[in-house]
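Novice: Need a 3D model of the following:
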Amino acid sequence: MEKYRGIDREAAIALLSLVVRTPSINPAFRTEGDDPADFGEARLAAALAGWLAEAGIEAVIDEVLPGRPNVIARAPGTDGERRMIWEAHLDTVQVTGMAAPFTPRLEGDRLYGRGAVDDGASLVAFMLALRALSVAPPPADVDFVAAMDEEYSYLGVLHHIARNERYDLGVAGEPTSLRVVRACKGTVRWWVEIEGRNAHTGKPEEGINGITVARHILDLYDRELARAPAAHPLLGPPTLTCTAIEAGVGPNTVPATCRMRFDYRYLPVEEGAEIHARYAAIARSAAAAFPGAQVRVEAPFVDSSAMDVEAESAIVRLAGRVCAAHGVDPAAIGVPYGSDATKLVNNAGIPTIIFGPGSIDCAHAPDEFADISEILQAARMLVDLAHLV
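Specialist: Prediction:
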């Protein structure tokens, strides 16, 4: 059909291959010995801007940090009264355990490589759809933003929000298996550090074991979590996970120091700052049971808000109509992971869904892949959505 012009298998494979073979690991994940050329979003941003320019679409490189830009492009609408934002991210996670992460490998309908599904599949679907819209314009303007730093601290989308552009509704691209996501949990992460007293294990009573204090804090945290808010109908209950414990000196030493890292997935009725303050106070209170011990709680290194977009909002209803027309379950769902969507909703007041091709189960995996046919279907669905707005 004319409105889907250029949304074809060869174009999708070529563009997704470009994404995979252009490393864009978030610099926050760089460790000693890594090749610095694999980190940062500048090369991928330039490559995508070049693709857009060849398609006749003006693309702007918007520098957020040195060498770490966003890319912005627009398909003008016919009436200019409404505007929609399509947002996906440029950065990927680390490539540990991957033999050839930046070599795109096509096997049947699947294209393998780091970034193929998170977030290459959504980038490709948006870009193919944007090219089609530039030929057969929709009523509303559609802005495409490829943002840096989604995988760590969301600086790219926050930078774009600070431009004070006006949008009526939005789509954030993530692998949702083409389902409409209208709710997601927030995430707050922090470290707790315990300082006890070293001693010889022959006389453990002379020391204060940081691991023992840590165990007590874990027990207190479990009791507090049991008093958490009731489960959300789409998201379930909040969760708290200890994701790291660092402790230990020698085999015959009572360890004084212990560090623990926590990840709390919270509901839309909760606030990250309040959660952190409450659990910080609980951790510090544990020191009273171990005279001489000190407990320090670091400020959150991540606090990404939750979201719950109204089921009757225009973006949810229209996306549901598109899903139904394409044979996809139109019922909106919730997910436990975060994305740039929460910043568009909570920081900018833009009703936004999360939507995209591919499965979240493949994201960050050593055998990450995206299905080409699903990317093409997503691009056609996005075109249809734009024509409904």
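Novice: before we move on, what SS does the residue lying closest to residue 341 once chain neighbours are set aside have?
Specialist: Sequence neighbours aside, residue 172 is the residue nearest to residue 341 in space, at 3.6 Å (criterion: Cβ to Cβ, 6 or more residues apart in numbering). C-beta: built from backbone N, CA, C; applies to glycine. What DSSP: H, G, I helix; E, B strand; the rest coil gives for residue 172 is strand.
Novice: partners of residue 172 in the sheet?
Specialist: Beta-bridge partners for residue 172, by DSSP bridges, are residue 87, residue 354.
Novice: List the residues that contact it.
Specialist: Residues in contact with residue 172 (Cβ atoms under 8 Å, 6 or more residues apart in numbering) are 87-88, 339-341, 344, 352-355.
Novice: which one of these is nearest residue 72?
Specialist: Of all the contacts of residue 172, residue 72 sits closest to residue 87, with 10.0 Å by Cβ to Cβ.
Novice: To what extent is the closest one buried, counted in neighbours?
Specialist: Neighbours of residue 87 under the rule other Cβ atoms under 10 Å: 30.
Novice: That one and residue 343: what is the separation?
Specialist: For residue 87, the distance to residue 343 (Cβ to Cβ, to the nearest Å) stands at 9 Å.
Novice: okay, and the common contacts of the two?
Specialist: residue 157.
Novice: For residue 304, give me its contacts.
Specialist: 154, 186-188, 272, 338, 342-343.
Novice: Inside helices: which ones of those?
Specialist: Using DSSP state H, the subset of the contacts of residue 304 located in helices is 272, 342-343.
Novice: Same list, those residues, but as CSV with pLDDT and distance to residue 306 please.
Specialist: Shown next, in CSV, are the ones in helices among the contacts of residue 304 (pLDDT from 0 to 100; distance: Cβ to Cβ, whole Å):
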residue, pLDDT, distance to residue 306
272, 96, 9
342, 96, 7
343, 96, 12
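Novice: Identify the residue spatially nearest to residue 289, adjacent ones excluded.
Specialist: Using Cβ to Cβ, 6+ apart, the closest residue to residue 289 is residue 216 (6.1 Å).
Novice: so which strand or helix has the one you found?
Specialist: Using DSSP states H and E, residue 216 sits within helix 210-225.
Novice: for the stretch 201-350 of the chain, what spans make up the helices?
Specialist: Assigned by DSSP state H, counting those that start in this stretch, the stretch 201-350 of the chain shows helices spanning 210-225, 272-285, 314-325, 341-346.
Novice: what sits against the residue positioned nearest the centre of the chain?
Specialist: Nearest residue to the geometric centre of the chain (Cα atoms, centre = their mean): residue 339, 3.5 Å. Applying Cβ under 8 Å, 6+ apart to residue 339 gives the contacts 150, 172, 174, 184, 354.
Novice: what does residue 371 give?
Specialist: By Cβ under 8 Å, 6+ apart, the neighbours of residue 371 are 109-110, 121, 357-358.
Novice: what about burial for these, which qualify?
Specialist: The neighbour-count test (16 or more other Cβ atoms under 10 Å) marks 110, 121, 357-358 as buried among the contacts of residue 371.
Novice: Let's see which of these end up in helices.
Specialist: Using DSSP H, the buried ones among the contacts of residue 371 in helices are residue 121.
Novice: Now residue 373: which helix or strand?
Specialist: Residue 373 belongs to helix 372-388, assigned by DSSP H and E.
Novice: Now do that helix, average pLDDT.
Specialist: Average pLDDT, helix 372-388: 98.
Novice: Show me what stretch 30-46 is in contact with.
Specialist: If you take Cβ under 8 Å, 6+ apart as the criterion, stretch 30-46 is touched by 19, 22-27, 29, 61, 67-71, 90-91, 94-95, 102, 146, 148-149.
Novice: Would you write a PyMOL line that selects the buried entries of the residues you listed?
Specialist: Of the contacts of stretch 30-46, the buried ones can be selected in PyMOL as follows, counting by 16+ other Cβ under 10 Å:
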select buried, resi 19+22+23+24+25+26+27+29+68+69+70+71+90+91+94+95+102+146+148+149
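Novice: in the stretch 51-200 of the chain, which spans are helices?
Specialist: 121-135, 155-161.
Novice: Include distance to residue 251 and mean pLDDT when you put those helices into CSV, please.
Specialist: Conversion of those to CSV gives the following (distance: least, Cβ to Cβ, whole Å; pLDDT from 0 to 100):
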stretch, distance to residue 251, mean pLDDT
helix 121-135, 48, 97
helix 155-161, 43, 97
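Novice: In TSV, list these along with distance to residue 233.
Specialist: TSV is the format used below for the helices of the stretch 51-200 of the chain (distance: least, Cβ to Cβ, whole Å):
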stretch	distance to residue 233
helix 121-135	26
helix 155-161	27
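Novice: how about the ones you listed, which one is nearest residue 289?
Specialist: helix 155-161 (40.3 Å).
Novice: Between the buried ones among the contacts of residue 371, which sits nearest residue 202?
Specialist: Set against residue 202, the nearest of the buried ones among the contacts of residue 371 by Cβ to Cβ is residue 358 (56.5 Å).
Novice: Next one: that closest one from residue 91, what distance?
Specialist: Residue 358 sits 17 Å away from residue 91, going by Cβ to Cβ.
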